[in-house]
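*Asks:* With the input below, show me the fold.
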Amino acid sequence: MYREPADFQAKRGASRRATDRLALFASGTFAQFAKGGQWRQPHASWSRCSSRYGLKPDHKTELEAVSEAEYTRRRQVLSPALSLIAPEMQSLFTAIRGAGYSLGFVDPDGVTISYKESDAASRNNTSGKLGVIWTEQIHGTNSAGTCLIERVPVAFLGEDHFCSNIKHLVCASTPIFDWNRTLIGALDVSADGQFVSEEVHRVIFDVVQAAGVRMEDRLFASHFSSRSILSIYGDSGGCAMLALDDDESIIGLNRFAAFALPEDAIGRKIWELLDRPVAITSCSNEDRANLDFKLYGDQAAITSTVHGTLARAWLDRRSGALSRRSGLRPASDRLDMCGGADTHFSTQIDLIRRVKDTTFPILLLGETGTGKDMLARAIHAVSNRSDRPFVAFNCAALPETLIDSELFGYGPGAFTGARRQGSEGIIAAAHGGTVFLDEIGDMPVAQQTRLLRVLESGEVMPLGTGKVRKLDIRVIAATNADLLEQVRTGTFRSDLLYRLAGLVVNIPPLRERTDFEAIANTILAENHSRTDLTLSDEAIEFLSKHSWPGNIRELRNVLVRAAYLAPANVIRAEDIFLLPCLGDEPRFPAHSRTVRGATVEAERTLISRTLTECSGDVARAAEKLGISRATLYRKIKRYRESSQSAAD
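*Replies:* Residues are numbered from 1 along each chain as shown. So this is what the prediction gives:
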């Protein structure tokens with residue numbers, strides 16, 4: 001399996017949800033992390049060379065090769081994959097040969113299976129290069145051998161090599177994985193270091209990594225050619241590919257998708273991870289469609305393409321089930337849907353309509369899960385800015401060190417690790433449209449000061465540019481925090497609060513809304529593929545008695561889970577499983593004081609506590625308990641039925 005470099009693990013840990021990572025990928029930020037290349041980091045390899053292999057720095061390596069018969073056998077094993085990636089191999093060689101680089105492909109054991117020499121005098125002698133073994137055990141630190149061990153792209157300059165007689169080389173390598181994320185080999189380039197500068201080698205390293213990703217995508221697309229593939233495009237040029245079965249289940253992920261989505265994504269329905277398609281259009285190719293969708297808790301539309309049988313099915317369902325599930329409705333309807341039939345909240349929706357076409361800032365207050373993000377998106381959709389960008393930024397999703405550059409932008413080379421072309425930043429990307437600042441209460445004070453200046457002046461100056469840009473933006477902010485209390489404690493600036501609080505909208509928690517039944521039915525229609533499902537009166541009554549600490553987000557999860565458990569097209573009360581509220585002890589009917597009764601009681605308690613720890617995620621709870629999801633669902637249903645029988 002692909003191993004993430006340590007620096008990427010740290011950056012990914014700053015993102016709290018899988019959808020945050022996918023949003024970062026689509027914006028171009030995530031792709032640079034997902035590459036994971038190690039530029040001139042030979043230290044771990046040197047340690048292996050001395051302690052594990054017993055090599056000395058003055059050791060002079062000698063070429064070792066497998067027999068011709070063994071080479072032929074290994075070549076045959078990789079022949080299908082090599083034929084698929086051959087066009088990319090040739091394109092890469094054409095791009096690098098002028099810089100003096102040779103190109104090779106080694107199998108997982110470091111045996112050279114394919115080789116192209118750029119020097120005309122040596123090109124006719126490539127047969128002497130085939131079958132040569134390039135491992136750390138034989139040659140010490142070298143890009144091919146080190147890459148195969150560490151399973152991430154690596155690049156070395158002369159002195160980075162451990163053994164003295166290969167220090168004249170510069171080399172770079174990237175691992176190649178098949179559709180199942182199994183290592184099949186490594187792409188390797190090398191040249192004489194006296195003719196290559198460090199700057200040129202860094203560029204070549206980037207080119208090699210990009211070529212490796214394209215090769216993997218070819219292997220992935222070929223394996224799933226008979227299935228549907230959803231391709232999500234990042235601004236950096238990368239592509240997250242998801243292979244889908246006809247029932248919309250995820251059956252495969254390419255490298256970028258594997259980084260961006262949860263570990264248990266395989267086997268889950270696509271609409272459990274992606275939310276709200278906002279546009280579906282056909283392409284010239286009848287089995288391909290363009291799809292713009294949004295993520296749970298995010299507002300920026302992400303562009304994708306679906307290829308295969310699902311493309312036609314989704315196009316045909318634009319006005320049907322997919323529309324109801326995804327919110328493909330007029331903008332005014334979406335705003336009405338947020339207000340629902342709750343009298344107090346509907347009054348606030350009317351106030352929003354009065355200021356929808358102004359630059360009047362709006363502050364959305366409400367508990368977690370009440371739908372602040374959905375309301376912000378609806379406000380933008382009904383405004384005169386609806387055809388302009390809607391850009392969301394979660395102030396709690398990134399560490400303080402990254403917020404400044406992501407929010408306000410930076411120039412080329414502004415800091416180590418910055419993109420070569422710089423970044424305009426979230427604020428500038430919303431020019432002419434709306435910027436949504438979610439979790440504004442979690443923004444560090446230093447960034448609050450800079451944000452206030454931007455809002456007051458309408459100007460932004462990206463880090464390291466010295467250039468001021470005039471902006472036209474509408475700001476919507478949201479938080480579940482008590483900002484007045486934060487002002488008193490000094491963690492939130494009072495002047496920023498006054499600047500954001502043009503119109504303050506208090507979103508009521510689900511337990512206080514008077515239109516619960518309508519909300520439940522709407523969520524069920526929009527979040528599950530079974531369009532014939534309805535809620536029984538008993539189910540509505542049972543749900544309405546719950547306190548809903550997770551609000552609409554919790555209700556959505558409960559209803560989607562119940563939809564899978566329901567044996568018919570009506571969800572009954574017994575199909576619904578509710579987690580105990582925080583602080584509550586699980587309540588179960590008493591069992592006879594027998595060994596079996598005590599065992600059953602212990603199992604029920606363990607299941608309940610594990611589900612609570614996993615926030616209701618049945619898949620994660622099943623994995624933690626060491627049982628299958630189907631088994632866990634059966635146990636949940638059996639214990640619920642016994643509880644209801646005991647209550648009766």
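*Asks:* Please compute how far the lengthiest helix in the chain lies from its chain's middle.
*Replies:* Of all the segments of type helix in the chain, defined by DSSP state H, the longest one is helix 68-96. Once both centres are worked out by Cα atoms, centre = their mean, to the nearest Å, helix 68-96 turns out to sit 32 Å from its chain's centre.
*Asks:* That helix: what's the following helix or strand?
*Replies:* Once the chain leaves helix 68-96, the next helix or strand it forms, by DSSP states H and E, is strand 102-106.
*Asks:* strands paired with that following strand, and their directions?
*Replies:* When pairs are called by DSSP bridges, strand 102-106 turns out to pair with strand 112-116 (antiparallel), strand 183-192 (antiparallel).
*Asks:* Buried deepest among those, which one?
*Replies:* The highest mean neighbour count among those, using mean count of other Cβ atoms under 10 Å, belongs to strand 183-192: a mean of 24. Backbone N, C-alpha and C define where each C-beta goes, glycine included.
*Asks:* so how far is that strand off the chain centroid?
*Replies:* Centroid separation between strand 183-192 and its chain, computed with Cα atoms, centre = their mean, is 28 Å.
*Asks:* in the helix or strand following that strand, what counts as buried?
*Replies:* As assigned by DSSP H and E, the chain's next helix or strand after strand 183-192 is helix 198-223. Across helix 198-223, burial judged by 16 or more other Cβ atoms under 10 Å covers 200-202, 204-221.
*Asks:* Asp247: what's it in contact with?
*Replies:* Asp247 makes contacts with Lys269, as judged by Cβ atoms under 8 Å, 6 or more residues apart in numbering.
*Asks:* for it, helix, strand, or coil?
*Replies:* Secondary structure assignment for Asp247 (DSSP: H, G, I helix; E, B strand; the rest coil): coil.
*Asks:* Same check on the one 3 residues further on?
*Replies:* At Ile250, secondary structure determined by three-state DSSP is strand.
*Asks:* what about Thr489, how many neighbours?
*Replies:* With neighbours defined by other Cβ atoms under 10 Å, the count for Thr489 comes to 9.
*Asks:* Would you agree Leu291 falls within a strand?
*Replies:* Yes: going by three-state DSSP, the assignment for Leu291 places it inside a strand.
*Asks:* Looks like it contacts Ser231 (just checking).
*Replies:* No: checked against Cβ atoms under 8 Å, the pair Leu291 and Ser231 is beyond contact range at 9.5 Å.
*Asks:* neighbour-wise, which of the two wins?
*Replies:* Set side by side, Leu291 and Ser231 give different neighbour counts by other Cβ under 10 Å, the larger being at Leu291 (25 against 20).
*Asks:* Give me the pLDDT for the more buried one.
*Replies:* The confidence metric pLDDT takes the value 73 at Leu291.
*Asks:* repeat for the one 10 residues further on
*Replies:* Among the per-residue scores, Ala301 holds a pLDDT of 60.
*Asks:* do Ser47 as well
*Replies:* We note a pLDDT of 93 for Ser47 in this prediction.
*Asks:* Now do it: how many residues are near it, please.
*Replies:* Neighbours of Ser47 using other Cβ under 10 Å come to 11.
*Asks:* How is this protein divided into domains?
*Replies:* Structural domains of the chain, as assigned by automatic domain parsing, span the residue ranges 37-219, 224-326, 332-508, 532-647.
*Asks:* ranges for the helices of the stretch 201-350 of the chain?
*Replies:* Chain-ordered helices for the stretch 201-350 of the chain, with DSSP state H, counting those that start in this stretch as the definition, fall at 255-260, 270-273, 309-316, 321-326, 331-339, 343-355.
*Asks:* And the ones you listed: which comes nearest Pro389?
*Replies:* Proximity to Pro389, assessed across those by Cβ to Cβ, is greatest for helix 331-339 (15.6 Å).
*Asks:* Show me what the mean pLDDT comes to for that closest one.
*Replies:* Model confidence over helix 331-339 averages 66 on the pLDDT scale.
*Asks:* quick revisit: I'd like the helices of the stretch 201-350 of the chain as a markdown table, with distance to Thr135 appended.
*Replies:* Written out in a markdown table, the entries for the helices of the stretch 201-350 of the chain read as follows (distance: least, Cβ to Cβ, whole Å):
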| stretch | distance to Thr135 |
| --- | --- |
| helix 255-260 | 24 |
| helix 270-273 | 39 |
| helix 309-316 | 44 |
| helix 321-326 | 51 |
| helix 331-339 | 59 |
| helix 343-355 | 65 |
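*Asks:* Lowest mean pLDDT across those, which one is that?
*Replies:* helix 321-326 (a mean of 38).
*Asks:* Can you lay out the strands paired with strand 102-106 as a markdown table showing distance to Ala341 and mean pLDDT?
*Replies:* Compiled in a markdown table, the strands paired with strand 102-106 are given as follows (distance: least, Cβ to Cβ, whole Å; pLDDT from 0 to 100):
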| stretch | distance to Ala341 | mean pLDDT |
| --- | --- | --- |
| strand 112-116 | 67 | 93 |
| strand 183-192 | 57 | 94 |
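*Asks:* Mind putting the ones you listed into CSV with distance to Glu456?
*Replies:* Below are these laid out as CSV (distance: least, Cβ to Cβ, whole Å):
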stretch, distance to Glu456
strand 112-116, 59
strand 183-192, 52
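*Asks:* distance between the ends of stretch 557-571?
*Replies:* 14 Å (Cα to Cα, to the nearest Å).
*Asks:* Can you list the buried residues in it?
*Replies:* Using 16+ other Cβ under 10 Å as the test for burial, stretch 557-571 gives Asn557, Val558, Leu559, Val560, Arg561, Ala562, Ala563, Leu565, Ala566, Ile571.
*Asks:* isn't the last one right next to Leu533, touching?
*Replies:* What that stands for is Ile571. Yes: using Cβ under 8 Å, Ile571 makes contact with Leu533 at a distance of 6.2 Å.
*Asks:* joint contacts of these two?
*Replies:* With Cβ under 8 Å, 6+ apart as the test, Ile571 and Leu533 both reach Leu524, Ala563.
*Asks:* for the stretch 1-150 of the chain, which spans come out with low pLDDT?
*Replies:* When residues are selected by pLDDT under 70, those of the stretch 1-150 of the chain lie in 1-36, 119-128.
*Asks:* burial measure for Asn608, as a count.
*Replies:* For residue 608 the amino acid is Ser, not Asn. Ser608 has 20 neighbours, counted by other Cβ under 10 Å.
*Asks:* Equivalent analysis for Tyr101, please.
*Replies:* Burial measure for Tyr101: 27 neighbouring residues, criterion other Cβ under 10 Å.
*Asks:* Distance of it relative to Ser228?
*Replies:* According to Cβ to Cβ, to the nearest Å, Tyr101 stands 38 Å off from Ser228.
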